[in-house]
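Q: Next one to model:
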Amino acid sequence: MNTKTWIVATGLVVLLFGCSGVETHKYTEVTAFNFIQGIDKSVVVSFGENPQNHYSFAIRKKDIKTGTKLFSESKNNTNFAVFAELNEQTFIRSSNHATYAQLIVVDIDKKNQIATFKIKAQLMDLNSKALKKIDETTVKITGSKFTVLL
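A: Predicted coordinates:
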């Protein structure tokens, strides 16, 4: 393969990957922590820049199946949670403010150990009460972190 062909091929791969809509996060973590009240076990998935700057969602293990859609407006659905720690600020859903959260389990691929979630939300800063929008983002969990989910 000559240099020109290699450059064009590499450019196409980068272009296709960049347009795929799948975001990668420097930091992802899955913790088997029963954050959600009740008898069903839950996990917390965190993603973002690093452990000090990240978004998180908690979901019951029984809800981790392809096609599950969870929505909460002003914290009216307590079956899941979405929150964030950003620049030493805590963002949460609030029953007294215009907050919402949506979580979709896009795919659970047990064979390849890949879980794909989509999340979007509007959360409230715990101190200032300012609202923070989280645009729809895709979160992929793989390998040993995948096994914690199920």
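Q: Around Thr90, how many other residues sit close by?
A: Thr90 is flanked by 13 other residues according to other C-beta atoms under 10 Å. Any C-beta I mention is one placed from the backbone N, CA and C, and that applies to glycine too.
Q: that's a helix at it, yeah?
A: No. Read with DSSP: H, G, I helix; E, B strand; the rest coil, Thr90 is strand and lies in no helix.
Q: pLDDT wise, what is it at?
A: pLDDT recorded at Thr90 is 95.
Q: Verify the stated contact: it with Tyr55.
A: No. With contact defined as C-beta atoms under 8 Å, Thr90 does not reach Tyr55; the gap is 11.6 Å.
Q: so what sits against both of those two?
A: When C-beta atoms under 8 Å, 6 or more residues apart in numbering defines a contact, the residues bordering Thr90 and Tyr55 alike are 83-84.
Q: I figured Ile36 was touching Ser42, is that so?
A: Yes. The pair Ile36 / Ser42 is scored as a contact, 4.3 Å apart, by C-beta under 8 Å.
Q: you'd agree Ile134 is up against Met124?
A: No. Using C-beta under 8 Å, Ile134 makes no contact with Met124, being 12.0 Å away.
Q: Spell out, range by range, the strands that occur in this structure.
A: Using DSSP state E, the strands found in the chain span residues 27-31, 42-50, 53-60, 69-73, 80-86, 89-92, 100-109, 114-125, 131-142.
Q: Show the contacting residues for the closest residue in space to Lys61 that isn't next to it in sequence.
A: Sequence neighbours aside, Lys41 is the residue nearest to Lys61 in space, at 4.9 Å (criterion: C-beta to C-beta, 6 or more residues apart in numbering). Going by C-beta under 8 Å, 6+ apart, Lys41 touches 32, 34, 60-61.
Q: Nice, that's everything, thank you.
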